[in-house]
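Trainee: My questions are about this predicted structure, shown below with the sequence.
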Amino acid sequence: MTLPEDYLRYPQRHHGMDQDRYDWSLLQQREPVTWPGGARVALWVVPALEFFPLDQKTEPFKAPGGMVTPYPDLRHYTLRDYGNRIGIFRIMKVLDELDIKASVATNSAVAERYPFLVDEVNRRGWEIIAHGVDMGRLHYGGMEIEAERTQIRQAVETLRRVSGQPVK
């Protein structure tokens, strides 16, 4: 299946970033980073707990990585849900063995549907990072500000309530 001609057209696309929260800069032009203890490398492990709804919208565009065949796309749904059922526990086991803590990018739909996953994250002392409501509700440059604020508020409030963490 090929992508439609306009799929990669994005009105916010330009050199740099598509937001104004911080300036874009070349890595070579930045001040060198110094890590605690003089370490030469820092590692930040961020597994994602994502929920892909069966009825993903195609507007304003079809989400990359979303369902690809007509509704109900059970084949791709089960592939994506594998991570929440089995894959994350394999990752947790390895990180436990290596004594590595993670920050978990979590959709609020996952927290509501699978609270036992949030319990496992909390049990390990891992941080929950708000990662939207679900993978069918996109944040994008042309989104109405109130719609974006509503999605962010819904995700953060749900994650705080379910996890008990001060999610930001």
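Mentor: Okay, I see it. Numbering: from 1, shown residues only.

Trainee: When you work out contacts or count neighbours from here on, use the C-alpha atoms and nothing else.
Mentor: Fine.

Trainee: The residue nearest in space to the middle of the chain: what's it in contact with?
Mentor: With distances taken as CA atoms, centre = their mean, the residue of the chain nearest its centroid is residue 131 (4.0 Å). Going by CA atoms under 8 Å, 6 or more residues apart in numbering, residue 131 touches 105, 106, 107, 108, 155.

Trainee: Buried only: go through those residues for me.
Mentor: Burial by neighbour count, judged by 16 or more other CA atoms under 10 Å, picks out 105, 106, 107, 108, 155 from these.

Trainee: Low-confidence stretches in the chain?
Mentor: 1, 10-15, 17-18, 58, 61-68 (pLDDT under 70).

Trainee: Please work out which residues outside the longest helix along it touch it.
Mentor: Using DSSP state H, we find that the single longest helix of the chain is helix 145-163. In this structure, residues lying in contact with helix 145-163 by CA under 8 Å, 6+ apart are 107-108, 111-112, 115, 118-119, 122, 128, 130-133, 139, 165-168.

Trainee: For ChimeraX, write the selection for the buried entries among those residues.
Mentor: To isolate the buried ones among these in ChimeraX, judged by 16+ other CA under 10 Å, type:
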select :107,108,111,112,118,128,130,131,132,133,167
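
Trainee: Just to be sure, which of the contacts of helix 145-163 are found in strands?
Mentor: 128, 130 (DSSP state E).

Trainee: what's the helix or strand harbouring residue 104 packed up against?
Mentor: Residue 104 belongs to strand 103-106 when assigned by DSSP states H and E. When contacts are defined as 3 or more CA pairs under 8 Å, 6 or more residues apart in numbering; DSSP states H and E, strand 103-106 packs onto strand 48-49, strand 127-130.
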